[in-house]
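K.L.:
Sequence and predicted model, in that order:
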Amino acid sequence: MGSLESGIPAKREAAAARWGRQHPFLQRNRSRLSRFFLFKKLNYIQLICTMCVFFFFVVLFQMFLPGLVVVDKSDKPPWRSKKEELLPPDLIVFKESGVFDFGEGVRFEPTKLLMKFRRDAAQTSTSDGFNLTATTTQRFGFRKPKLALVFADLLADAQQMKMVTVSNALLEIGYAIEVYSLEDGPVHGVWQQMGVPVTILEAKHPSGCVIDWLSYDGVIVNSLEARSMFTCFMQEPFKSLPLVWVINEKTLAVRSRQYNSTGHTELLTDWKKIFSRASVVVFHDYLLPILYSEFDAGNFYVIPGSPQEAWKAKTLDFPRKDDIVISIVGSQFLYKGQWLEHALLLQALRPLFSGYNSESYHSDLKIIVLGGESASNYSVAIETISQNLTYPKDAVKHVSVAGNVDKILESSDLVIYGSFLEEQSFPEILMKAMALGKPIVAPDLLNIKKHVDDRVTGYLFPKKNLEILLQIVLEVITEGKISPLARNIGLMGKATVKNMMALATIEGYAVLLENILKLSSEVASPKDVQTVPPKLRESWSWHLFEALMNALPDNRTARSYEFIANVEGHWNHTSGEATKFGVVNDDSFVYEIWEDERYLQVINSKKRQEDEELKGRALQYHGTWEEVYKNAKRADRSKNDLHERDEGELLRTGQPLCIYEPYFGEGTWSFLHQHPLYRGVGMSGKGRRPRMDDIDASSRLPLFNNPYYRDSLGDFGAFFAISNKIDRLHKNSWIGFQSWRATARKESLSRIAENALLNAIKTRKHGDALYFWVRMDKDPRNPLQKPFWSFCDSINAGNCRFAYNETLKKMYSVKNMDSLPPMPEDGDTWSVMQSWALPTRSFLEFVMFSRMFVDSLDAQVYEEHHRTNRCYLSLTKDKHCYSRLLELLVNVWAYHSARRIVYIDPGTGVMQEQHIQKDRRGQMWVQWFEYTTLKTMDEDLAEEADSDRRVGHWIWPWTGEVVWRGSLEKERQRKNVEKEEKKKRSKDKLNRMRNRNSRQKVIGKYVKPPPENETVTGNSTL
């Protein structure tokens, strides 16, 4: 062992010497530290303990700092170089190392919404022409843009005042407004004084689906308490309606923090769906979108401004007191550098206590630092700072923000804003102080200088020079009291804050509505908000609420918390039993007994089921193969005869008329009739009424499985679905259609009008006539009562005549067509909204004409519209491109096919013939619309479709049956061939069954055993 230990070092030393001679330039003396780590024995446990102690003191130091609530994800430095002189020289090192965070990167920017607004504006500016037609669109402006304002109640509060003020300005620039509320209140009279209609929704219809929201260009919903209205807005056909949701409460943001821990994940998901439905969610300050960040779907927007603080200060009365309180307030955002700002302000204010020491302090001057969270140890930090600055004991006190802001501001004599953070709007806490009439002192930040005049409505000091702050405080406090000048400045600030931010709020809502509303071509564009008189634009509507200010104060926050608790209670109601069951299952012994019992029950049920099946098989007689085959054939033949018709179908059988109501989505259910005279037509497989015999249009015509044509054709597509193989569906001699929107506008047929129409049909009073009951001259889209073609142009971006001209030319293969079918202006009116009745035979003729018209229209519009969602019949992106043009098509066909047109009053049933036939002579294009011409064109298209010669996109074969003389012969031959093949297959199957010789042979005979008292003979067979 000794030779082994002595030999290895020698060899290593020799190798080291040889390597040193070869590389002399790589040799260097090792440092003492490296020799210590390499050659000395080091106790690593001591090193680890030393590091732990070091980090413990670092964490202890950090505990004296307030927590950071908002995370700064920007790349900007936490403190800009222009503010370095605010820091003492010994703290610049900490600033450069990033220890202090002053929250400068905290900004809310609605990036997705702004990008969408810019993109839509760019598309609108470049959509004046279309490549396929080289036409231009135009706006007619026959009616005002309509807005619906939805409230949870009409109680007098600051939010009602804000919406009244905004609505006054919107009315001034050209909007029409209607108000809906779930509960009535004193503000009802204020809206009526403004000339705004008010509707109180009934309690039995909390979802609000009794209103045709499509008649409005946009909806503004106010407060969380109007949550029930979203039940309707989240259903078709109201899903795409522009909706603005104004949220002013923090209650949901506070309560939602507990939902994950308390198991309310489904409720949280439901709230998120509601937030995502809104086109824009509007807040009145920049803190609320951060509090509601969990619900952000990229649609948050801030319009700063609210009269809430001035409203609350109206009814306050402050008691007299002898001491002077200076409150140091800050930003509503919390960040790490906030304590440093407070330290700098306390250092600047220390000379106010130069004549006092900590042992003999009896002055009435006190400083309250308002900031930090109640759960943090910020009070310890402020106390330490005041001690280091040698403040007298109890001269500086810290109070947390939660629940104490109003109380502290009411007891303050001077309010100093101690944050140097450039916020995006005027600080809310300064608005509170000014509304209470307190003189304020604030740094000259951009958004503060915009609303505060130095030494007029408040005091400003340079943020880079804190010495001026002390001079201002000494001017304000003279001889132990607030100077008269400071009191006057406080009163001037109170008068200023009364109407502060009103202009920004009004302009913000006007710009927002301009960006999100997609106005159709008959709607006038609103005027510029700058045209509003300054009296309406620069102040809140205090004069309308003077009589309501003395009413009992309504605690809106308490009502909001009560509403949230009711929503949570509704969700807890279904999960209460499950909670109790979970408590019982905590007992493991009971759980094991229950598991054993369940296992025995399963085993017994399986055994019982097997026994019953074996018994049934043993007693069942199967019969021969021939009998089984005959029974199966008999069941197939009688399968269609077993159809049980429901009560509605039986009642409609003996009627001469059936009126179909096309609809799309659950939002229309409350407008549909359940009378046997009516039958619904669901345009989509989803959203059909349960337990009703409604027709599924998509199953009758596969074309409507394509959402593009379902949306483009609209209610007109129901004509194609009903006419396809109509004999299997419609057994009545007359057929009618009525839009659900006519019912919503209270223009549907009353019982009196229904009876009058049925009597006219039975007596053939007008013969082959078109009866309609929704007039064009009373349509809200036509307030000026324009004639037919002018009205059609107004709702189709000025291109109705062009579209009819091009479509008829293509349909009839005419190269030059200088005029349109005349629609006279004789004082009579026309049908709108697809609400009319026709003989079934005439209806099929109209559908034959319509299929060819739609095919020609689709051929010229489809490519551009399908690719860009734009067509020359609309000013904006519109998925209902064809529907407005086709809405008036029945008038053109009925007039020029020489049919009588009769208007029936939907209320009284009085009938009046329009455009009398004898006056039409010489004006009708009868040859273009007669049946023989249309039938010849239809057969030509059917033959072309049957021959498969057309290549590319072609909609006509998908809109109904393809029938011509050759197709009927082909169908007859095909059925004969199928019948012969079926007979042959049946015959072959019977022959195979008869010729089978694979039966099992008999193994042996069975011999009955003899009786016991007899002997077996030798002739017996064993």
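P.N.:
Now that the structure is in, tell me what you want to look at. Residues are numbered from 1 along each chain as shown.
K.L.:
starting at the chain centroid, how far to stretch 501-520?
P.N.:
In terms of C-alpha atoms, centre = their mean, to the nearest Å, the centre of stretch 501-520 is found 19 Å from the chain centre.
K.L.:
residues of that stretch that come out buried?
P.N.:
Of all the residues in stretch 501-520, those buried under the rule 16 or more other C-beta atoms under 10 Å are 501-510, 512-520. Where C-beta positions appear, they are placed from N, C-alpha and C, glycine not excepted.
K.L.:
Buried residues in stretch 797-816, which are they?
P.N.:
Counting neighbours by 16+ other C-beta under 10 Å, one finds that the buried residues in stretch 797-816 are 797-800, 802-808, 810-811.
K.L.:
distance between the ends of stretch 283-291?
P.N.:
When the termini of stretch 283-291 are compared using C-alpha to C-alpha, to the nearest Å, they are 11 Å apart.
K.L.:
for the record, mean pLDDT for it?
P.N.:
Taken as a whole, stretch 283-291 has a mean pLDDT of 91.
K.L.:
What are the contacting residues of that stretch?
P.N.:
The contact list for stretch 283-291 (C-beta atoms under 8 Å, 6 or more residues apart in numbering) reads 70, 108, 162, 246-248, 250, 253-254, 292, 296, 300-306, 308, 332-333, 423-425, 428, 505.
K.L.:
Filter the residues you listed down to the buried ones, ChimeraX style.
P.N.:
For the buried members of these, the matching ChimeraX selection, counting by 16+ other C-beta under 10 Å, is:
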select :70,108,162,246,247,248,253,292,296,300,301,302,303,304,305,306,308,332,333,423,425,428,505
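K.L.:
So which of the contacts of stretch 283-291 sit within helices?
P.N.:
When helices are assigned by DSSP state H, the members of these inside them are 162, 253-254, 308, 428, 505.
K.L.:
what's the farthest-apart pair in those residues?
P.N.:
Spatial extent of these (C-beta to C-beta) is set by the pair V254 and T505 at 24.7 Å.
K.L.:
could you dump the ones in helices among the contacts of stretch 283-291 to JSON lines with distance to Q738 and pLDDT?
P.N.:
Output for those, formatted as JSON lines (distance: C-beta to C-beta, whole Å; pLDDT from 0 to 100):
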{"residue": "K162", "distance to Q738": "41", "pLDDT": "95"}
{"residue": "A253", "distance to Q738": "46", "pLDDT": "91"}
{"residue": "V254", "distance to Q738": "49", "pLDDT": "88"}
{"residue": "Q308", "distance to Q738": "48", "pLDDT": "90"}
{"residue": "E428", "distance to Q738": "53", "pLDDT": "91"}
{"residue": "T505", "distance to Q738": "44", "pLDDT": "95"}
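K.L.:
As TSV, those residues with distance to G437 would be great.
P.N.:
Converted to TSV, the ones in helices among the contacts of stretch 283-291 look like this (distance: C-beta to C-beta, whole Å):
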residue	distance to G437
K162	22
A253	31
V254	30
Q308	17
E428	17
T505	23
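K.L.:
Please report the distance of F142 from I211.
P.N.:
The spacing between F142 and I211, counted by C-beta to C-beta, to the nearest Å, is 23 Å.
K.L.:
and the two? which has more neighbours close in?
P.N.:
In this view F142 and I211 are compared by other C-beta atoms under 10 Å, and I211 has more residues nearby, 24 against 20.
K.L.:
mind listing what that one touches?
P.N.:
The contact partners of I211, taken as C-beta under 8 Å, 6+ apart, are 148, 180, 199, 201, 232, 744.
K.L.:
now swap in N566 and tell me
P.N.:
Not one residue lies near N566 by C-beta under 8 Å, 6+ apart.
K.L.:
quick check, V369 in a strand?
P.N.:
Yes. Applying DSSP: H, G, I helix; E, B strand; the rest coil, one finds V369 inside a strand.
K.L.:
from what I can see it touches S400, true?
P.N.:
No. The criterion here is C-beta atoms under 8 Å, and V369 misses it with S400 at 10.0 Å.
K.L.:
Just want to know which of these two has more residues nearby.
P.N.:
Residue environment comparison for V369 versus S400 gives the larger neighbour count to V369, 27 against 16, counting by other C-beta under 10 Å.
K.L.:
Quick check on the nearest residue to L466 once chain neighbours are set aside: phi, psi?
P.N.:
Counting by C-beta to C-beta, 6 or more residues apart in numbering, L466 lies nearest to A348, which is 4.2 Å off, once chain neighbours are set aside. With angles defined as degrees, to the nearest 10, A348 sits at phi -70, psi -30.
K.L.:
Count the residues that sit near R691.
P.N.:
6.
K.L.:
If I look at it, what pLDDT would I see?
P.N.:
84.
K.L.:
That one belongs to a helix?
P.N.:
No. For R691, which was evaluated using three-state DSSP, the result is coil, with no helix membership.
K.L.:
so T496 is in which element?
P.N.:
With elements taken from DSSP states H and E, the one containing T496 is helix 484-497.
K.L.:
Could you pull up the mean pLDDT of that helix?
P.N.:
Along helix 484-497, the predicted local confidence has a mean pLDDT of 93.
K.L.:
Okay, the residue nearest to L466 and L474: tell me how far apart.
P.N.:
Distance of A348 to L474, given as C-beta to C-beta: 11 Å.
K.L.:
With L749 instead?
P.N.:
Using C-beta to C-beta, L749 is found at 83 Å from L474.
K.L.:
Looking at those two, which is more packed in?
P.N.:
Between L749 and L474, counting by other C-beta under 10 Å, L749 is the more crowded of the two (28 against 12).
K.L.:
Could you double-check that that one lies in contact with D905?
P.N.:
No. In this structure, L749 is not within contact of D905 by C-beta under 8 Å, at 9.6 Å.
K.L.:
Show me where the stretch 651-800 of the chain has its helices.
P.N.:
Residue ranges of the helices in the stretch 651-800 of the chain, as given by DSSP state H, counting those that start in this stretch, are 697-700, 707-713, 717-723, 740-744, 751-762, 788-795, 800-812.
K.L.:
For V325, identify the helix or strand it belongs to.
P.N.:
With the criterion set as DSSP H and E, the secondary-structure element containing V325 is strand 324-329.
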